[in-house]
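Q: Here's a sequence, model it:
(one chain, ligands or ions: 1)
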Amino acid sequence: MIGVFDSGIGGLTLLHEIIRHLPNEQYCYYADTKNVPYSTKSEDQIKEYVENAVNYFVQRKAKTIVLACNTATNVCIEDLRAKLTIPIIAIQPAVKVAVDNDKSVINSQRKNILVCATPITLRSDRFQRLLDSLDADRIVERMALPELVKLAEMEEFGKSAEDYIKETLLQIDISKFSSIVLGCTHFTYFEPIFSKLAPQLSLFDGNEGTARHLKNILSKLNLISLKRGTSFSIEYIESGKPTENLERFERYNTRIEQLNKTFRIRKTFIKY
Ligand code: DGL
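A: From the prediction side, this is the model:
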């Protein structure tokens, strides 16, 4: 079984991408519904929540764990990797993809990549190290959109979300940017709104890159399930217990399928 973890329903957007790459696996999706959103919690609290989820997967003998939560990755990935023997794959904002997509941006004198994420991700050392490694600090503008996590959890994908995104984008001169990186898995649900409000900008998230990375790792370790045809299963766990609201997950799954048909985010491959 592959364990996929997020604070809530954001990581389902990554799970769909993973299933496209690995269609014959058993998945266990763990949403920490009791504690979402993480961006309002302390780092110690987040570490404790993520450890609970990881222990759950370890007890269930997961062959690998995917942290489908940028915020959790930025707070605890190093600690987890030091403790665990099974591989942990983690998502991170796809800044490298945005830089690779348009090499000219790196020589620019102004900020031209907008990274939207939770406040914890944006102020984390790990994110700063990512920017430094790409020499991209000069060209990246950070924008925290914590309300989007709550709106996604409440299935509010309409006017209130659009008003909130519009209001926040109005604080900067968006016409000067070339791309937007969605550095929170909850934000992918709002891709149609970002596309509508900033149609000239390229949009990126880390989902495809993370899915490919997971496939490479499992392939190297000979852990890919090789059944014929396509048959996967998903089990849904909420804060340690099987969900009592499967219909809710199904509504999100339907939404992601529609998104993927109409609005597939362009080039999202992260090179590790
Ligand atoms: N999906 C999480 C992320 O990618 C949201 C974090 C939160 O719960 O605030 O960062």
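Q: From here on, just use CA atoms for contacts and neighbour counts.
A: Will do.
Q: centroid residue for this protein?
A: Thr185 (3.0 Å; Cα atoms, centre = their mean).
Q: Give the full set of residues in contact with it.
A: Thr185 makes contact with 10-11, 13-14, 68-70, 205, 207, according to Cα atoms under 8 Å, 6 or more residues apart in numbering.
Q: Most neighbours among the residues you listed, which one?
A: The most neighbours of any of the contacts of Thr185, using other Cα atoms under 10 Å, belong to Ala68, which has 34 neighbours.
Q: what's the distance between the nearest residue to it once chain neighbours are set aside and the ligand?
A: Nearest non-adjacent residue to Ala68, counting by Cα to Cα, 6 or more residues apart in numbering: Gly11, 4.7 Å away. Note on Gly11: its distance to the ligand, by Cα to the nearest ligand atom, to the nearest Å, is 6 Å.
Q: just checking, Gly11 touches Cys69?
A: Yes: Gly11 lies in contact with Cys69 (Cα atoms under 8 Å); the separation is 6.3 Å.
Q: just the contacts of Thr185 now: which is nearest Leu84?
A: Leu84 lies nearest to Ala68 out of those, by Cα to Cα, at 17.2 Å.
Q: State the pLDDT value of the nearest residue in space to Ala152 that is not next to it in sequence.
A: Spatial nearest neighbour of Ala152, chain neighbours left out: His186 (6.4 Å); criterion: Cα to Cα, 6+ apart. On the pLDDT scale, His186 is placed at 98.
Q: again with Ser108
A: Confidence score, pLDDT, at Ser108: 76.
Q: Stretch 186-201: end-to-end distance?
A: 20 Å (Cα to Cα, to the nearest Å).
Q: Now do the buried residues in the helix or strand where Ile217 lies.
A: Ile217 is located in helix 207-220, with elements delineated by DSSP states H and E. Of the residues in helix 207-220, 207-215, 217-218 count as buried by neighbour count, 16 or more other Cα atoms under 10 Å.
Q: what's in contact with stretch 79-98?
A: 63-70, 73-74, 77, 113, 115, 131, 134, 179-184, 204-207, 210, 213-214, 267-271.
Q: I'd say Asp205 and Ser179 touch.
A: No: using Cα under 8 Å, Asp205 is not in contact with Ser179, being 10.9 Å away.
Q: you'd agree Lys166 is up against Leu197?
A: Yes: at 7.0 Å, Lys166 counts as touching Leu197 under the criterion of Cα under 8 Å.
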